[in-house]
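Trainee: Give the three-dimensional model of this entry:
(one chain, ligands or ions: 1)
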Amino acid sequence: MAVEKVDTLVIGAGQAGVAMSEHLGRRGLSHLVLEKARIAESWRTARWDSLVANGPAWHDRFPGLTFASLDDEAFAPKEKVADYFVSYAEKIRAPVRCGVEVKSVRRDGDAFHVETSEGVIKARNVVSATGAFQRPVMPALVPARPGLAQIHSNAYRNPGQLPEGAVLVIGAGSSGTQIADELLRAGRRVYLSIGPHDRPPRRYRGKDFCWWLSVLGIWDLKVPAPNTEHVTITVSGAYGGQTVDFRRLGNRGMTLLGRAESYRDGVLEIAPDLMENIERGDASYLSLLDRADIYAAENGLDLPEEPDARRKEPDPACLADPVLAVNLTEAGITTIIWATGYTVDYGWLKLDVLDEKGRPVHERGVSKVPGFFFVGLPWLSRRASSFIWGCWHDADYLAGYIAEHRGGQHADIAASAS
Ligand SMILES: Cc1cc2nc3c(=O)[nH]c(=O)nc-3n(C[C@H](O)[C@H](O)[C@H](O)COP(=O)(O)OP(=O)(O)OC[C@H]3O[C@@H](n4cnc5c(N)ncnc54)[C@H](O)[C@@H]3O)c2cc1C
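Mentor: Numbers count the residues shown, from 1 in each chain. Sure, this is the predicted structure:
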(Lines give C-alpha, C1' and ligand atoms only; values in the text may rest on other atoms or scores of the structure.)
Protein backbone atom coordinates (compact mmCIF):
# COMPACT_ATOMS: atom_id res chain seq x y z
CA MET A 1 0.00 0.00 0.00
CA ALA A 2 1.26 3.53 -0.83
CA VAL A 3 2.52 5.45 2.17
CA GLU A 4 1.29 9.02 2.43
CA LYS A 5 3.91 11.57 3.44
CA VAL A 6 3.21 14.78 5.28
CA ASP A 7 5.41 17.40 6.78
CA THR A 8 3.52 18.01 10.04
CA LEU A 9 0.71 15.77 11.21
CA VAL A 10 -1.68 17.16 13.84
CA ILE A 11 -3.73 14.56 15.70
CA GLY A 12 -7.15 15.78 16.84
CA ALA A 13 -9.35 18.60 15.55
CA GLY A 14 -10.65 20.07 18.77
CA GLN A 15 -9.80 23.69 19.43
CA ALA A 16 -6.11 22.85 19.97
CA GLY A 17 -5.81 21.08 16.62
CA VAL A 18 -7.63 23.90 14.81
CA ALA A 19 -5.38 26.49 16.48
CA MET A 20 -2.32 24.46 15.50
CA SER A 21 -3.51 24.35 11.89
CA GLU A 22 -4.02 28.11 11.84
CA HIS A 23 -0.50 28.87 13.05
CA LEU A 24 1.18 26.28 10.83
CA GLY A 25 -0.80 27.62 7.87
CA ARG A 26 0.14 31.22 8.65
CA ARG A 27 3.78 30.24 8.46
CA GLY A 28 3.22 28.40 5.21
CA LEU A 29 4.01 25.06 6.82
CA SER A 30 2.47 22.11 5.05
CA HIS A 31 0.38 19.95 7.40
CA LEU A 32 -2.58 17.62 7.80
CA VAL A 33 -5.02 17.33 10.72
CA LEU A 34 -6.53 13.92 11.44
CA GLU A 35 -9.70 13.73 13.54
CA LYS A 36 -11.25 10.42 14.50
CA ALA A 37 -14.75 11.83 14.74
CA ARG A 38 -15.84 15.40 13.88
CA ILE A 39 -14.31 18.82 14.45
CA ALA A 40 -14.80 19.79 18.13
CA GLU A 41 -16.40 16.42 18.83
CA SER A 42 -15.83 16.69 22.60
CA TRP A 43 -18.02 19.80 22.74
CA ARG A 44 -20.83 17.96 20.95
CA THR A 45 -20.88 14.55 22.55
CA ALA A 46 -18.80 14.50 25.71
CA ARG A 47 -20.68 17.22 27.64
CA TRP A 48 -24.13 17.57 29.19
CA ASP A 49 -27.02 19.09 27.23
CA SER A 50 -27.30 22.46 28.97
CA LEU A 51 -23.56 23.21 29.19
CA VAL A 52 -22.52 26.71 28.20
CA ALA A 53 -18.98 28.06 27.99
CA ASN A 54 -17.49 29.12 31.29
CA GLY A 55 -16.26 32.38 29.82
CA PRO A 56 -18.24 35.05 27.96
CA ALA A 57 -18.27 35.03 24.15
CA TRP A 58 -15.74 37.88 23.92
CA HIS A 59 -13.26 35.75 25.86
CA ASP A 60 -13.83 32.07 25.06
CA ARG A 61 -12.91 32.32 21.40
CA PHE A 62 -9.93 32.73 19.09
CA PRO A 63 -8.85 36.24 18.06
CA GLY A 64 -9.76 35.78 14.38
CA LEU A 65 -13.52 35.26 14.64
CA THR A 66 -16.40 36.36 16.86
CA PHE A 67 -19.41 34.16 17.64
CA ALA A 68 -22.18 34.59 15.08
CA SER A 69 -25.43 35.98 16.56
CA LEU A 70 -24.27 35.96 20.17
CA ASP A 71 -23.89 38.93 22.47
CA ASP A 72 -20.28 39.43 23.57
CA GLU A 73 -21.23 39.07 27.23
CA ALA A 74 -23.33 35.91 26.67
CA PHE A 75 -22.10 32.38 27.36
CA ALA A 76 -22.12 30.21 24.25
CA PRO A 77 -24.09 26.96 24.47
CA LYS A 78 -21.86 23.95 23.80
CA GLU A 79 -23.33 23.33 20.30
CA LYS A 80 -22.50 26.91 19.37
CA VAL A 81 -18.95 26.39 20.60
CA ALA A 82 -18.65 23.31 18.39
CA ASP A 83 -20.18 25.18 15.42
CA TYR A 84 -17.74 28.01 16.05
CA PHE A 85 -14.72 25.73 15.62
CA VAL A 86 -16.22 24.18 12.48
CA SER A 87 -16.63 27.71 11.04
CA TYR A 88 -13.14 28.60 12.17
CA ALA A 89 -11.64 25.56 10.44
CA GLU A 90 -13.53 26.53 7.26
CA LYS A 91 -12.39 30.15 7.52
CA ILE A 92 -8.71 29.23 7.76
CA ARG A 93 -9.16 26.38 5.27
CA ALA A 94 -7.71 23.93 7.76
CA PRO A 95 -6.75 20.66 6.04
CA VAL A 96 -8.78 18.47 8.39
CA ARG A 97 -9.59 14.89 7.53
CA CYS A 98 -12.44 13.69 9.74
CA GLY A 99 -13.29 10.09 10.59
CA VAL A 100 -9.65 8.97 10.61
CA GLU A 101 -8.26 7.63 13.85
CA VAL A 102 -4.58 7.50 14.68
CA LYS A 103 -3.88 4.02 16.02
CA SER A 104 -0.17 4.35 16.74
CA VAL A 105 2.77 6.69 16.38
CA ARG A 106 6.31 5.41 16.54
CA ARG A 107 9.72 6.52 15.39
CA ASP A 108 11.00 5.03 12.17
CA GLY A 109 14.45 6.34 11.28
CA ASP A 110 14.23 10.05 10.63
CA ALA A 111 10.44 10.18 10.52
CA PHE A 112 7.37 9.15 12.46
CA HIS A 113 5.48 6.07 11.34
CA VAL A 114 1.80 6.75 11.93
CA GLU A 115 -0.76 3.98 11.63
CA THR A 116 -4.25 5.25 11.05
CA SER A 117 -7.63 3.65 10.42
CA GLU A 118 -7.02 4.49 6.76
CA GLY A 119 -3.43 3.47 6.23
CA VAL A 120 0.09 4.52 7.08
CA ILE A 121 1.42 8.07 7.09
CA LYS A 122 5.05 9.13 7.38
CA ALA A 123 5.42 12.47 9.09
CA ARG A 124 8.37 14.64 9.81
CA ASN A 125 6.65 16.26 12.82
CA VAL A 126 3.68 15.11 14.88
CA VAL A 127 1.61 17.34 17.16
CA SER A 128 -0.68 15.63 19.64
CA ALA A 129 -3.84 17.71 20.08
CA THR A 130 -5.91 14.86 21.44
CA GLY A 131 -7.12 16.71 24.53
CA ALA A 132 -6.44 16.60 28.23
CA PHE A 133 -9.92 15.55 29.27
CA GLN A 134 -10.14 12.21 27.52
CA ARG A 135 -10.58 9.44 30.04
CA PRO A 136 -12.93 9.92 33.00
CA VAL A 137 -11.42 9.44 36.45
CA MET A 138 -13.87 7.58 38.67
CA PRO A 139 -12.52 6.44 42.06
CA ALA A 140 -13.55 2.91 43.06
CA LEU A 141 -15.00 4.06 46.37
CA VAL A 142 -18.54 2.69 46.27
CA PRO A 143 -19.00 -0.90 45.06
CA ALA A 144 -21.64 -1.56 42.40
CA ARG A 145 -24.97 -2.58 43.90
CA PRO A 146 -28.55 -2.93 42.71
CA GLY A 147 -30.63 0.24 42.88
CA LEU A 148 -27.61 2.53 42.66
CA ALA A 149 -26.53 4.00 39.34
CA GLN A 150 -23.00 5.41 39.20
CA ILE A 151 -21.88 7.55 36.26
CA HIS A 152 -19.11 9.99 35.52
CA SER A 153 -20.02 13.59 34.74
CA ASN A 154 -19.02 12.96 31.11
CA ALA A 155 -21.98 10.57 30.81
CA TYR A 156 -24.47 12.97 32.43
CA ARG A 157 -26.83 14.61 29.95
CA ASN A 158 -29.91 15.92 31.82
CA PRO A 159 -32.01 15.25 34.95
CA GLY A 160 -34.54 13.13 33.02
CA GLN A 161 -31.85 10.57 32.24
CA LEU A 162 -31.44 9.60 35.92
CA PRO A 163 -33.63 7.16 37.86
CA GLU A 164 -36.11 8.70 40.31
CA GLY A 165 -34.61 9.55 43.68
CA ALA A 166 -31.92 11.62 45.32
CA VAL A 167 -28.58 12.26 43.63
CA LEU A 168 -25.14 12.45 45.19
CA VAL A 169 -22.69 14.51 43.17
CA ILE A 170 -19.08 13.95 44.17
CA GLY A 171 -16.74 16.78 43.20
CA ALA A 172 -17.59 20.47 43.24
CA GLY A 173 -15.51 21.85 40.42
CA SER A 174 -17.31 23.64 37.62
CA SER A 175 -18.88 20.43 36.27
CA GLY A 176 -20.09 18.95 39.56
CA THR A 177 -21.47 22.24 40.83
CA GLN A 178 -23.32 23.05 37.60
CA ILE A 179 -24.80 19.55 37.41
CA ALA A 180 -25.86 19.62 41.09
CA ASP A 181 -27.50 23.02 40.59
CA GLU A 182 -29.38 21.79 37.51
CA LEU A 183 -30.65 18.74 39.41
CA LEU A 184 -31.76 20.88 42.36
CA ARG A 185 -33.67 23.18 39.99
CA ALA A 186 -35.30 20.07 38.48
CA GLY A 187 -36.70 19.24 41.91
CA ARG A 188 -34.25 16.51 42.90
CA ARG A 189 -32.92 16.02 46.39
CA VAL A 190 -29.20 16.71 45.93
CA TYR A 191 -26.09 16.00 47.99
CA LEU A 192 -22.86 17.67 46.88
CA SER A 193 -19.45 16.56 48.14
CA ILE A 194 -17.07 19.52 48.13
CA GLY A 195 -13.26 19.43 48.23
CA PRO A 196 -10.70 22.24 48.07
CA HIS A 197 -11.63 24.78 45.40
CA ASP A 198 -11.10 28.31 44.15
CA ARG A 199 -14.29 30.25 43.68
CA PRO A 200 -13.88 33.47 41.70
CA PRO A 201 -16.66 36.04 41.46
CA ARG A 202 -18.48 35.77 38.13
CA ARG A 203 -18.36 39.55 37.77
CA TYR A 204 -16.97 42.29 39.93
CA ARG A 205 -17.34 46.02 39.50
CA GLY A 206 -18.90 45.47 36.09
CA LYS A 207 -16.17 43.21 34.69
CA ASP A 208 -16.25 39.44 34.17
CA PHE A 209 -13.71 37.40 36.12
CA CYS A 210 -12.06 36.41 32.80
CA TRP A 211 -11.24 40.10 32.36
CA TRP A 212 -9.86 40.37 35.88
CA LEU A 213 -7.74 37.23 35.46
CA SER A 214 -6.31 38.81 32.33
CA VAL A 215 -5.44 42.23 33.70
CA LEU A 216 -4.13 40.75 36.95
CA GLY A 217 -1.84 38.44 34.97
CA ILE A 218 -3.40 35.31 36.48
CA TRP A 219 -4.12 33.55 33.15
CA ASP A 220 -0.42 33.94 32.39
CA LEU A 221 0.90 32.34 35.59
CA LYS A 222 3.55 29.84 34.55
CA VAL A 223 3.03 27.25 37.29
CA PRO A 224 0.31 26.61 39.88
CA ALA A 225 0.88 28.31 43.23
CA PRO A 226 2.46 25.89 45.76
CA ASN A 227 0.01 23.21 47.00
CA THR A 228 -2.75 24.20 44.61
CA GLU A 229 -2.23 21.52 41.94
CA HIS A 230 -5.38 19.67 43.06
CA VAL A 231 -7.49 22.72 43.74
CA THR A 232 -10.35 22.89 41.28
CA ILE A 233 -11.85 26.11 40.00
CA THR A 234 -15.58 26.47 40.43
CA VAL A 235 -17.23 28.80 37.99
CA SER A 236 -20.36 28.83 35.87
CA GLY A 237 -21.82 30.61 32.87
CA ALA A 238 -25.20 28.91 33.35
CA TYR A 239 -28.41 30.94 33.87
CA GLY A 240 -26.77 34.06 32.49
CA GLY A 241 -23.60 33.61 34.55
CA GLN A 242 -23.69 33.74 38.33
CA THR A 243 -21.03 33.45 41.01
CA VAL A 244 -21.00 29.95 42.47
CA ASP A 245 -22.09 30.36 46.08
CA PHE A 246 -22.25 27.13 48.06
CA ARG A 247 -24.06 28.78 50.98
CA ARG A 248 -26.82 29.87 48.59
CA LEU A 249 -27.07 26.33 47.20
CA GLY A 250 -27.29 25.02 50.79
CA ASN A 251 -29.98 27.54 51.68
CA ARG A 252 -31.93 26.45 48.58
CA GLY A 253 -32.02 22.90 49.93
CA MET A 254 -28.87 21.21 48.66
CA THR A 255 -27.05 19.16 51.29
CA LEU A 256 -23.39 20.17 51.24
CA LEU A 257 -20.86 17.57 52.35
CA GLY A 258 -17.10 17.49 52.86
CA ARG A 259 -14.91 15.16 50.82
CA ALA A 260 -16.24 11.62 50.39
CA GLU A 261 -13.64 9.60 52.27
CA SER A 262 -14.61 5.96 52.53
CA TYR A 263 -17.54 3.60 52.23
CA ARG A 264 -18.66 0.78 54.51
CA ASP A 265 -21.90 -1.23 54.79
CA GLY A 266 -23.99 1.17 52.72
CA VAL A 267 -22.65 4.24 54.50
CA LEU A 268 -20.49 6.90 52.88
CA GLU A 269 -18.14 8.46 55.38
CA ILE A 270 -17.45 12.14 54.92
CA ALA A 271 -14.30 14.01 55.96
CA PRO A 272 -14.87 16.76 58.54
CA ASP A 273 -13.49 19.35 56.13
CA LEU A 274 -16.57 21.04 54.70
CA MET A 275 -16.16 24.34 56.56
CA GLU A 276 -12.43 24.39 55.83
CA ASN A 277 -13.07 23.87 52.09
CA ILE A 278 -15.82 26.49 51.98
CA GLU A 279 -13.65 29.00 53.84
CA ARG A 280 -10.76 28.35 51.51
CA GLY A 281 -13.07 29.09 48.58
CA ASP A 282 -14.22 32.27 50.37
CA ALA A 283 -10.60 33.33 50.85
CA SER A 284 -9.82 32.87 47.14
CA TYR A 285 -12.97 34.84 46.27
CA LEU A 286 -12.13 37.71 48.63
CA SER A 287 -8.49 37.83 47.56
CA LEU A 288 -9.57 38.34 43.95
CA LEU A 289 -11.84 41.21 45.02
CA ASP A 290 -8.94 42.75 46.96
CA ARG A 291 -6.55 42.45 44.05
CA ALA A 292 -9.16 43.86 41.69
CA ASP A 293 -9.73 46.87 43.99
CA ILE A 294 -6.00 47.54 44.21
CA TYR A 295 -5.64 47.25 40.43
CA ALA A 296 -8.58 49.60 39.83
CA ALA A 297 -7.15 52.16 42.29
CA GLU A 298 -3.61 51.96 40.95
CA ASN A 299 -4.78 52.33 37.35
CA GLY A 300 -7.36 55.01 38.06
CA LEU A 301 -10.18 52.88 36.63
CA ASP A 302 -13.63 54.36 36.95
CA LEU A 303 -15.47 51.16 37.84
CA PRO A 304 -18.59 51.18 40.04
CA GLU A 305 -17.92 50.19 43.68
CA GLU A 306 -19.60 46.91 44.70
CA PRO A 307 -19.61 46.52 48.49
CA ASP A 308 -22.43 43.92 48.31
CA ALA A 309 -19.99 41.50 46.70
CA ARG A 310 -18.41 41.07 50.15
CA ARG A 311 -21.68 40.22 51.90
CA LYS A 312 -21.88 36.57 52.93
CA GLU A 313 -25.10 34.53 52.93
CA PRO A 314 -25.97 32.94 56.28
CA ASP A 315 -24.50 29.47 56.79
CA PRO A 316 -27.01 26.75 55.88
CA ALA A 317 -27.66 24.10 58.56
CA CYS A 318 -25.56 21.52 56.67
CA LEU A 319 -22.54 23.82 56.96
CA ALA A 320 -23.06 24.80 60.59
CA ASP A 321 -23.67 21.17 61.59
CA PRO A 322 -22.01 19.04 58.91
CA VAL A 323 -23.14 15.54 58.00
CA LEU A 324 -20.29 13.06 58.51
CA ALA A 325 -21.95 9.88 57.31
CA VAL A 326 -24.59 9.29 54.64
CA ASN A 327 -26.54 6.04 54.58
CA LEU A 328 -27.29 5.89 50.86
CA THR A 329 -30.49 3.85 51.19
CA GLU A 330 -31.90 5.95 54.02
CA ALA A 331 -31.08 9.12 52.09
CA GLY A 332 -32.93 7.73 49.05
CA ILE A 333 -29.82 8.14 46.86
CA THR A 334 -30.29 6.22 43.61
CA THR A 335 -27.54 7.89 41.57
CA ILE A 336 -23.96 8.93 42.23
CA ILE A 337 -22.42 11.31 39.69
CA TRP A 338 -18.64 11.35 39.89
CA ALA A 339 -17.50 14.80 38.79
CA THR A 340 -13.96 13.81 39.63
CA GLY A 341 -12.13 14.91 36.53
CA TYR A 342 -10.33 13.34 33.63
CA THR A 343 -6.98 12.06 32.58
CA VAL A 344 -5.17 11.77 29.27
CA ASP A 345 -5.35 8.79 26.94
CA TYR A 346 -2.18 8.01 24.99
CA GLY A 347 -2.72 4.34 24.20
CA TRP A 348 -1.64 5.11 20.61
CA LEU A 349 1.65 6.75 21.53
CA LYS A 350 4.66 4.43 21.17
CA LEU A 351 7.36 6.98 22.02
CA ASP A 352 9.29 7.63 25.19
CA VAL A 353 7.59 10.95 25.95
CA LEU A 354 5.48 10.06 29.01
CA ASP A 355 6.52 9.80 32.65
CA GLU A 356 5.98 6.73 34.84
CA LYS A 357 2.40 7.88 35.53
CA GLY A 358 1.65 8.23 31.82
CA ARG A 359 1.77 12.04 31.85
CA PRO A 360 3.37 13.93 28.96
CA VAL A 361 6.89 15.19 29.60
CA HIS A 362 7.60 18.38 27.70
CA GLU A 363 8.92 21.91 27.81
CA ARG A 364 6.18 24.26 26.60
CA GLY A 365 4.81 21.42 24.48
CA VAL A 366 8.17 20.37 23.01
CA SER A 367 8.87 16.74 23.94
CA LYS A 368 12.31 15.22 24.22
CA VAL A 369 11.76 13.29 20.97
CA PRO A 370 12.68 15.77 18.23
CA GLY A 371 9.65 16.55 16.07
CA PHE A 372 7.01 15.41 18.58
CA PHE A 373 4.84 18.02 20.32
CA PHE A 374 1.86 18.38 22.66
CA VAL A 375 -0.70 21.18 22.59
CA GLY A 376 -3.88 21.81 24.62
CA LEU A 377 -2.61 20.47 27.95
CA PRO A 378 -3.19 22.20 31.31
CA TRP A 379 -0.26 24.42 32.26
CA LEU A 380 1.51 23.65 28.97
CA SER A 381 3.00 27.12 29.19
CA ARG A 382 0.63 28.94 31.55
CA ARG A 383 -2.62 28.69 33.43
CA ALA A 384 -4.72 29.46 30.34
CA SER A 385 -3.16 26.65 28.28
CA SER A 386 -6.01 24.12 28.39
CA PHE A 387 -8.66 26.74 27.69
CA ILE A 388 -9.85 28.07 24.36
CA TRP A 389 -7.98 31.32 24.62
CA GLY A 390 -4.75 29.86 25.97
CA CYS A 391 -4.27 26.95 23.57
CA TRP A 392 -4.32 29.36 20.63
CA HIS A 393 -1.21 31.12 21.98
CA ASP A 394 0.58 27.86 22.72
CA ALA A 395 -0.13 26.69 19.16
CA ASP A 396 1.46 29.91 17.89
CA TYR A 397 4.62 29.22 19.88
CA LEU A 398 4.82 25.59 18.72
CA ALA A 399 4.29 26.47 15.05
CA GLY A 400 7.08 29.03 15.43
CA TYR A 401 9.29 26.36 16.98
CA ILE A 402 8.53 23.94 14.12
CA ALA A 403 9.31 26.67 11.55
CA GLU A 404 12.62 27.46 13.23
CA HIS A 405 13.70 23.85 13.36
CA ARG A 406 12.70 23.15 9.80
CA GLY A 407 15.22 21.84 7.33
CA GLY A 408 18.12 19.55 7.93
CA GLN A 409 16.62 16.30 9.05
CA HIS A 410 13.85 14.45 7.16
CA ALA A 411 14.50 16.52 4.04
CA ASP A 412 13.17 13.76 1.80
CA ILE A 413 9.79 13.79 3.53
CA ALA A 414 9.54 17.57 3.48
CA ALA A 415 10.27 17.58 -0.23
CA SER A 416 7.65 15.00 -1.09
CA ALA A 417 5.03 16.71 1.11
CA SER A 418 5.34 20.14 -0.45
C1 LIG B 1 -16.98 19.80 30.94
C2 LIG B 1 -15.94 20.71 30.38
C3 LIG B 1 -16.26 22.04 30.14
C4 LIG B 1 -15.29 22.92 29.62
N5 LIG B 1 -15.64 24.21 29.41
C6 LIG B 1 -14.71 25.08 28.93
C7 LIG B 1 -15.05 26.43 28.68
O8 LIG B 1 -16.18 26.84 28.90
N9 LIG B 1 -14.08 27.27 28.20
C10 LIG B 1 -12.83 26.82 27.93
O11 LIG B 1 -11.99 27.61 27.47
N12 LIG B 1 -12.48 25.54 28.17
C13 LIG B 1 -13.40 24.66 28.66
N14 LIG B 1 -13.04 23.35 28.88
C15 LIG B 1 -11.63 22.95 28.69
C16 LIG B 1 -11.24 22.74 27.22
O17 LIG B 1 -11.42 23.95 26.53
C18 LIG B 1 -12.06 21.66 26.52
O19 LIG B 1 -11.88 20.44 27.18
C20 LIG B 1 -11.67 21.46 25.05
O21 LIG B 1 -12.52 20.53 24.47
C22 LIG B 1 -10.21 21.01 24.89
O23 LIG B 1 -9.88 21.12 23.53
P24 LIG B 1 -8.76 20.19 22.88
O25 LIG B 1 -8.72 20.51 21.44
O26 LIG B 1 -7.52 20.27 23.67
O27 LIG B 1 -9.33 18.71 23.13
P28 LIG B 1 -10.67 18.06 22.56
O29 LIG B 1 -11.74 19.06 22.37
O30 LIG B 1 -10.97 16.89 23.44
O31 LIG B 1 -10.23 17.56 21.10
C32 LIG B 1 -9.40 16.45 20.92
C33 LIG B 1 -9.84 15.82 19.62
O34 LIG B 1 -8.94 14.78 19.32
C35 LIG B 1 -9.64 13.70 18.74
N36 LIG B 1 -8.81 12.51 18.93
C37 LIG B 1 -8.46 11.94 20.11
N38 LIG B 1 -7.68 10.87 19.90
C39 LIG B 1 -7.53 10.75 18.56
C40 LIG B 1 -6.86 9.82 17.72
N41 LIG B 1 -6.16 8.80 18.24
N42 LIG B 1 -6.92 9.98 16.37
C43 LIG B 1 -7.62 11.03 15.84
N44 LIG B 1 -8.30 11.92 16.58
C45 LIG B 1 -8.25 11.79 17.94
C46 LIG B 1 -10.95 13.69 19.49
O47 LIG B 1 -11.97 13.06 18.75
C48 LIG B 1 -11.21 15.18 19.70
O49 LIG B 1 -12.04 15.74 18.70
C50 LIG B 1 -13.98 22.46 29.36
C51 LIG B 1 -13.66 21.12 29.63
C52 LIG B 1 -14.63 20.24 30.12
C53 LIG B 1 -14.25 18.81 30.37
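Trainee: in what helix or strand does Val326 lie?
Mentor: strand 325-327 (DSSP states H and E).
Trainee: counting contacts, what elements does that strand pack onto?
Mentor: Packed against strand 325-327 by the contact rule (3 or more C-beta pairs under 8 Å, 6 or more residues apart in numbering; DSSP states H and E) you find strand 267-270. (Each C-beta comes from the backbone N, C-alpha and C, glycine too.)
Trainee: Do a quick rundown of the helices in the stretch 301-418 of the chain.
Mentor: Along the stretch 301-418 of the chain, the stretches classed as helices by DSSP state H, counting those that start in this stretch are 317-320, 388-404, 411-417.
Trainee: Dump the ones you listed into TSV; add mean neighbour count as well.
Mentor: TSV is the format used below for these (neighbours: other C-beta atoms under 10 Å):
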stretch	mean neighbour count
helix 317-320	16
helix 388-404	21
helix 411-417	15
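Trainee: quick revisit: for the strand holding Val326, which strands pair with it and how are they oriented?
Mentor: In the sheet containing strand 325-327, its partner strands are strand 267-270 (antiparallel), by DSSP bridges.
Trainee: average pLDDT across stretch 386-396?
Mentor: Over the span of stretch 386-396, the pLDDT mean works out to 96.
Trainee: Also stretch 94-102?
Mentor: Averaging the model's pLDDT scores along stretch 94-102 yields 98.
Trainee: Could you do stretch 285-305 as well?
Mentor: Averaging pLDDT along stretch 285-305 gives 98.
Trainee: got it, and stretch 106-115?
Mentor: Mean pLDDT, stretch 106-115: 96.
Trainee: Report the buried residues of that stretch.
Mentor: Neighbour counts using 16 or more other C-beta atoms under 10 Å place 107, 111-115 of stretch 106-115 among the buried residues.
Trainee: Can you give the contact residues for it?
Mentor: Counting by C-beta atoms under 8 Å, 6 or more residues apart in numbering, the neighbours of stretch 106-115 from elsewhere in the structure are 9, 102-105, 120-126, 350-351, 369, 371-372, 409-410, 412-413.
Trainee: quick one: contacts for the residue of the stretch 151-300 of the chain found nearest the ligand?
Mentor: Per C-beta to the nearest ligand atom, the residue of the stretch 151-300 of the chain with the smallest distance to the ligand is Ser175, at 4.9 Å. Taking C-beta under 8 Å, 6+ apart, we find Ser175 in contact with 153, 339.
Trainee: Helix or strand for it, just tell me which one.
Mentor: helix 174-185.
Trainee: how distant is that helix from the center of its chain?
Mentor: Between the mean C-alpha point of helix 174-185 and the mean C-alpha point of its chain there is a distance of 16 Å (C-alpha atoms, centre = their mean, to the nearest Å).
Trainee: Following element in sequence after that helix, please.
Mentor: Downstream of helix 174-185, the first helix or strand assigned by DSSP H and E is strand 190-193.
Trainee: measure the nearest residue to Arg247 once chain neighbours are set aside to the ligand for me?
Mentor: Residue nearest to Arg247 in three dimensions, not counting chain neighbours: Glu313, with 4.0 Å by C-beta to C-beta, 6 or more residues apart in numbering. Applying C-beta to the nearest ligand atom, to the nearest Å, one obtains 26 Å for the distance of Glu313 from the ligand.
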